[in-house]
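Undergrad: Test case, fold it:
(one chain, ligands or ions: 1)
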Amino acid sequence: MIINGQKFHTIWSDGNNQETVKIIDQQKLPFEFSIKTLKTFSDSYTAIKDMTVRGAPLIGVTAAYGIYLALCNYNSEIPLQKFIHLKCDEMKTARPTAVNLAFAVDEMKNTLKNIEEWDLAKQLAFKKAEELKQLEIDYCNSIGNFGVQLIEELSKKKKGETVNILTHCNAGWLACIDWGTATAPIYKAHEKGINIHVWVDETRPRNQGSKLTAFELSQMGVDHTVITDNTGGHLMQHGMVDLVVVGSDRTTRTGDVCNKIGTYLKALAAFDNNVPFYVALPSSSFDFSITDGIKEIPIEKREANEVKFMEGKGGKAQVVPDGSKIANYGFDVTPARLVTGIITEKGICNANEEGISTLFKK
Ligand code: MRU
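TA: Numbering: from 1, shown residues only. Predicted coordinates for the structure are as follows:
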């Protein structure tokens with residue numbers, strides 16, 4: 001995707017020094033565009049934990065490169081296989097909710113299984129991290145090709161009038177490597193010249209919507225409007241939303257969708273107003289081992305200061321009085337019954353075990 005007219009991915013290996021990895025610093029966007037270099041395992045771990053990179057697919061790919069960087073700095077103090085296992089287990093603790101983290105780390109672990117030679121382990125780890133990156137690009141591209149059909153149908157139904165799409169958080173290319181999940185159908189529709197307009201939830205407390213999604217859409221020239229998190233229901237009651245598309249950090253095999261806090265309330269409003277509510281996700285965001293999202297998905301609780309202060313251009317301001325208690329839940333679960341359909345790299349399916357298993361047999 002494009003930033004200031006130049007094509008970027010969110011993460012890439014440095015051609016001049018392959019033992020480093022570059023990322024876009026998402027803490028600074030949209031007011032400053034800055035590239036950071038990761039040199040060690042702990043650089044990658046910290047980048048995930050402090051949300052310099054964020055978004056489920058990007059967290060996974062950063063973790064994969066992090067395992068590679070760990071091997072680059074291996075000093076033989078402990079046996080190689082033990083070292084790989086320790087680093088893989090540690091990396092999984094960086095953030096709890098997005099299952100892509102465990103998915104990518106397990107892929108790395110499998111690739112490195114039984115390898116005893118350090119140089120070979122390094123080579124294989126690099127190759128696998130690059131493969132996982134490409135896989136996520138291909139998944140998002142394919143999600144876009146399937147999802148755009150929904151927008152095309154709505155556009156036809158509206159005889160070419162603007163299709164209004166609401167999205168929450170940033171499930172855009174910044175959350176992935178390229179294209180995004182929820183935004184891929186939007187970018188494909190834009191490329192096809194379909195009239196679209198995007199309602200962007202600001203997504204408190206970290207404002208991934210107003211800071212990141214709005215930034216992406218501006219850079220790509222897609223018409224959009226930022227709204228506060230509480231506006232969507234009102235717009236739906238007035239026929240101003242034709243479609244809701246969001247991403248997911250973890251979806252059960254029965255179609256319960258975990259995504260950024262506030263997604264559930266949008267799904268309720270969409271259900272009440274007969275607005276189609278779709279979730280776009282790659283197979284790396286499915287947790288096929290669980291069936292009950294509300295009971296089984298770990299919900300990240302983040303620092304109180306993210307709520308207590310608002311950060312933006314010009315600095316930080318306190319918006320909660322000293323002494324008030326603060327709770328900062330990062331994600332919520334939307335039960336499958338509220339989800340119209342799931343857009344995956346293999347096609348669109350119903351949000352239930354039967355629908356999902358027709359696309360993902362295992
Ligand atoms: O806390 P974040 O910014 O990592 O959360 C991201 C989201 O919730 C996205 O909507 C989700 O990861 C889907 S990403 C394609």
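Undergrad: need the contact list for residue 156.
TA: For residue 156, no residue meets the contact criterion (CB atoms under 8 Å, 6 or more residues apart in numbering). Where you see a C-beta, it was placed from the backbone N, CA and C, and this is true even at glycine.
Undergrad: Validate this expectation: it resides in a strand.
TA: No. Read with DSSP: H, G, I helix; E, B strand; the rest coil, residue 156 is helix and lies in no strand.
Undergrad: how close does it get to residue 193?
TA: 14 Å (CB to CB, to the nearest Å).
Undergrad: what's the pLDDT at the residue in the stretch 151-300 of the chain that the ligand sits nearest to?
TA: At 2.7 Å from the ligand, residue 247 is the closest residue in the stretch 151-300 of the chain, using CB to the nearest ligand atom. The model reports residue 247 with a pLDDT of 98.
Undergrad: so the residue nearest to it when sequence neighbours are not counted, which of the three states?
TA: Excluding its sequence neighbours, the residue lying closest to residue 247 (CB to CB, 6 or more residues apart in numbering) is residue 171, at 2.5 Å. What three-state DSSP gives for residue 171 is coil.
Undergrad: ok, residue 171 to residue 67 distance?
TA: If you go by CB to CB, the gap between residue 171 and residue 67 works out to 25 Å.
Undergrad: now do residue 29
TA: For residue 29 relative to residue 67 (CB to CB), the value is 26 Å.
Undergrad: Not counting its neighbours along the chain, what's nearest residue 203?
TA: residue 209 (3.8 Å).
Undergrad: Kindly report the same for residue 104.
TA: residue 60 is the one closest to residue 104 (CB to CB, 6+ apart), at 3.5 Å.
Undergrad: And for residue 351?
TA: residue 255 (3.2 Å).
Undergrad: cool, residue 184 as well?
TA: Using CB to CB, 6+ apart, the closest residue to residue 184 is residue 144 (3.1 Å).
Undergrad: Just the element for that neighbour, please.
TA: Assigned by DSSP states H and E, residue 144 belongs to helix 118-157.
Undergrad: Also residue 198?
TA: strand 196-201.
Undergrad: All the strands of the stretch 1-150 of the chain, in order from the start?
TA: Along the stretch 1-150 of the chain, the segments classed as strands by DSSP state E, counting those that start in this stretch run 2-3, 6-7, 11-13, 21-24, 35-38.
Undergrad: most tightly surrounded among those?
TA: Greatest average neighbour count among those goes to strand 21-24 (a mean of 22), per mean count of other CB atoms under 10 Å.
Undergrad: Rounded mean pLDDT for that one, please.
TA: Mean predicted confidence for strand 21-24 is 98.
Undergrad: can that strand be found next to the ligand?
TA: No. For strand 21-24, no contact with the ligand is found by CB under 6 Å from any ligand atom; the gap never falls below 13.6 Å.
Undergrad: helices and strands around that strand, which ones?
TA: Helices and strands touching strand 21-24, as assessed by 3 or more CB pairs under 8 Å, 6 or more residues apart in numbering; DSSP states H and E, comprise strand 11-13, strand 35-38, helix 56-72.
Undergrad: hey, C-alpha coordinates of the last one in CSV?
TA: What follows is helix 56-72, C-alpha atoms only, in CSV (Å, rounded to 0.1, in the frame of the first residue of the first chain):
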residue,chain,number,x,y,z
ALA,A,56,-3.2,-9.8,14.5
PRO,A,57,-1.4,-10.8,11.2
LEU,A,58,1.4,-8.3,11.8
ILE,A,59,1.9,-9.4,15.4
GLY,A,60,2.4,-13.0,14.1
VAL,A,61,4.9,-12.1,11.3
THR,A,62,6.9,-9.8,13.7
ALA,A,63,7.1,-12.7,16.2
ALA,A,64,8.4,-15.0,13.4
TYR,A,65,11.1,-12.5,12.5
GLY,A,66,11.8,-12.2,16.3
ILE,A,67,12.6,-15.9,16.5
TYR,A,68,15.0,-15.5,13.5
LEU,A,69,16.7,-12.5,15.3
ALA,A,70,17.0,-14.6,18.4
LEU,A,71,18.9,-17.2,16.4
CYS,A,72,21.1,-14.4,14.9
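Undergrad: Sounds good, over and out.
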